[in-house]
Each structure stands twice: as structure tokens, then as C-alpha cells.
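In: missing the sequence, but the structure's below:
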């Protein structure tokens, strides 16, 4: 890749998509946000703020919103910041307009239900022949948007593309670290959402700090086992998109997945916990997919399996916790 990536389009006008557009603008790029909702796009352009998802965070007037795919097609790089379960459908909307050499950056964290596909595998089917990178790591959208320091993994097997994207998105407060392991980066980002629901349940049940720390550690073991089975590397899973993202998401109420788990642990039903939420807790939708993928590769993921049973089958939280606590004692390195 020889030319600089001067114009960046972000598909998705939620909190994370808006924050990424702000980060790109802060890095000196021309930033465009694509929104499916024409009314939201109009509000962004008129108010220079995203009142639905990032209220109170100003947008520079140079950051524009659009509903036109043709405008996205003029960008030098396209960031996909839509919920994981909607990536296939929304990416398909751009198949006819995006030039085939246009780089795509996956900014969603999840595994597709039904197919068990990683987001990169979804794009390989829907938008083939595009260079692809994965952006993942410990980031809350509001903090990135406000310019607080953050570091992320930017994973791609195309070294030139990786360097160009770091230049296009990186700044003093938004620091991408290059990796050539997109699989590991995706597994870390997807499975940590499921573990975060579990950590929220522990907090809601008031089971203590010891239990929370143990859950994070054993959750990391599940991430590592599944990641390695799919070809990811240990150093990736111990890095920003693995351990870093897991730590952030499992310890802070800003995490949508932790907040969902905490509500469940405190006694709310799933419907009650989801009522009134505008944003998506990816762990809710990825839990069953994680378990299915693990079964396919003969990987043991007892925490993820317990969370999937609670979310998908209405399993008792207390019975699930009891089952985990009565598992046979094991060697820690497994």
C-alpha cells in the first residue's frame, strides 16, 4: 500500500463508531460516519454531537454523517463498527459499491451465531478480495471520544496495510500496536464479552473480589485454549486484545456485558436486565457461538458454557455457580 489513508469512513453511528471517527479526525484524517438511520445522521450533522449514543461529547463540524453508500466508497479505508451479529447484513449492503481494493477494518467483537464464523470469515464471504485488519483492545467509547489515553491491537497479515492504518488512526492518546495475528485478536475480543457477563454476575451476587479475580484468570485460560485451537498465538492472547480487554471489561460497570451480568446476578430476569438498553451487550449473542465453536474444536470452556446456559436456556444462576465450584480440581496450566 503506497498511498496514505487520508479519508476514513466508519460504518456504524453508535458510540464506538462515533468515537472511532473522532479518533481518526484527531489523527488528522477526514472522517465520515455512515448511519443506517437518516434521522440520526441528520442530528449528528445539525447538532455536531451524537445525542443517542454519546451525549455531551462534541463532534468537530468537519466530521460528517451520511446514509449514502456511494460516499463511503470514496474513502481510503472503511472501519466496520456495527454489532457483530449484524455485520453480515450491513456489509452486504456495500458489496456493490466498495472497490475491491478498499481496506476494511473490523471493529466489532463477536462470533456469528449459527455459523460460528469469526468476523473476518464473514467478510471473506460477503466482501471477498478486500484487504482486512482487526482493531480490538481495552477501549470504552466515551473515553476514546474524550481523548483519554487508550492502546489497541491492530492485527493484519498485510504489513503495509497495518503500517498505513497505524498512521491513519494513531495519535498521542490513541495508540495502535501492530500484530499479524487477526485470529487471536478476534478470539480475545469475542470471548472476553462472555466472561464479562460472568464477572458481572459474581458482582451482582456479591461473591467477593477473590471470586472475581479467579473468574478473570480462568476466563483467560478459556480464551487461550480456544484461541490456540483456532491458530491464534499466546502472545496475542496475553496482549491488549486478550488480557487487556478482558481486564477492562470484567472490572468496570461501563462495560455493557459486565452491567448485564450484574443485573442478572442481582436478581433481575433477562428481559428486565435488557429493558430500556439502547446498546448491545455482545456477550449475550456470542455466548452460544463461543460454546459451539469450542465444541467443534474439542476445547473445554466451562465458564462460557455456564453463561450460555443462563442466557439461552434460562438455567439457574445458583445451580450454574454450584456446578462450576464442584468441578474436579485441575492443573492450573490447562
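Out: Okay, I see it. Predicted model only: the values in this text are computed from it and were never measured.
In: ok, now which ones touch residue 8?
Out: With contacts defined as CB atoms under 8 Å, 6 or more residues apart in numbering, residue 8 is in contact with 21, 24, 29-32, 75-79, 168-169. C-beta: built from backbone N, CA, C; applies to glycine.
In: what's the answer for residue 228, then?
Out: By CB under 8 Å, 6+ apart, the residues touching residue 228 are 234, 237.
In: do you know how far it is from residue 188?
Out: Taking CB to CB, to the nearest Å as the measure, residue 228 falls 12 Å from residue 188.
In: try residue 51
Out: From residue 51 to residue 188 the distance is 32 Å (CB to CB).
In: between these two, tell me which one has more neighbours.
Out: residue 188 (33 against 12; other CB atoms under 10 Å).
In: these two touch, right, the more buried one and residue 242?
Out: Yes - taking contacts as CB atoms under 8 Å, residue 188 lies within contact range of residue 242: 3.5 Å.
In: overlap in contacts of those two?
Out: 223, 227, 236.
In: show me those that map onto helices.
Out: 223, 227, 236 (DSSP state H).
In: need the residues you listed in a markdown table (columns: neighbour count and distance to residue 205).
Out: Listed next are these as a markdown table, based on neighbours: other CB atoms under 10 Å; distance: CB to CB, whole Å:
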| residue | neighbour count | distance to residue 205 |
| --- | --- | --- |
| 223 | 29 | 23 |
| 227 | 26 | 28 |
| 236 | 27 | 32 |
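In: mind putting the residues you listed into a markdown table with distance to residue 269 and pLDDT?
Out: Converted to a markdown table, these look like this (distance: CB to CB, whole Å; pLDDT from 0 to 100):
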| residue | distance to residue 269 | pLDDT |
| --- | --- | --- |
| 223 | 28 | 97 |
| 227 | 33 | 97 |
| 236 | 37 | 97 |
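In: contact partners for residue 182?
Out: 120, 132, 133, 134, 155, 156, 157.
In: quick one: secondary structure of residue 105?
Out: Classification of residue 105 using DSSP: H, G, I helix; E, B strand; the rest coil returns strand.
In: isn't it up against residue 134?
Out: Yes - applying CB under 8 Å, one finds residue 105 in contact with residue 134, separated by 7.3 Å.
In: compare the two and say which is more crowded by neighbours.
Out: residue 134 (29 against 26).
In: look up how far residue 61 lies from that one.
Out: As judged by CB to CB, residue 134 and residue 61 stand 31 Å apart.
In: one more: residue 303?
Out: With CB to CB as the criterion, residue 303 and residue 61 are 46 Å apart.
In: compare these two (neighbour count), which wins?
Out: More crowded of residue 303 and residue 61, by other CB under 10 Å: residue 303, with 22 against 8.
In: next, the contact list for the more buried one, please.
Out: Taking CB under 8 Å, 6+ apart as the test, what residue 303 contacts is 194, 195, 198, 215, 218, 219, 222, 324.
In: could you count how many residues lie near the first one?
Out: Spelled out, that is residue 194. Residue 194: 33 neighbours (other CB under 10 Å).
In: quick one, helices of the stretch 201-334 of the chain?
Out: 209-229, 234-237, 245-249, 256-265, 270-274, 282-296, 302-313, 317-325 (DSSP state H, counting those that start in this stretch).
In: quick one: those as CSV, columns for distance to residue 112 too.
Out: Formatted as CSV, those follow (distance: least, CB to CB, whole Å):
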stretch, distance to residue 112
helix 209-229, 15
helix 234-237, 20
helix 245-249, 19
helix 256-265, 17
helix 270-274, 20
helix 282-296, 6
helix 302-313, 15
helix 317-325, 25
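In: between those, which one is nearest to residue 14?
Out: helix 256-265 (11.0 Å; CB to CB).
In: so residue 185 makes contact with residue 157?
Out: No - look at residue 185 against residue 157 with CB under 8 Å: they stay out of range, at 11.4 Å.
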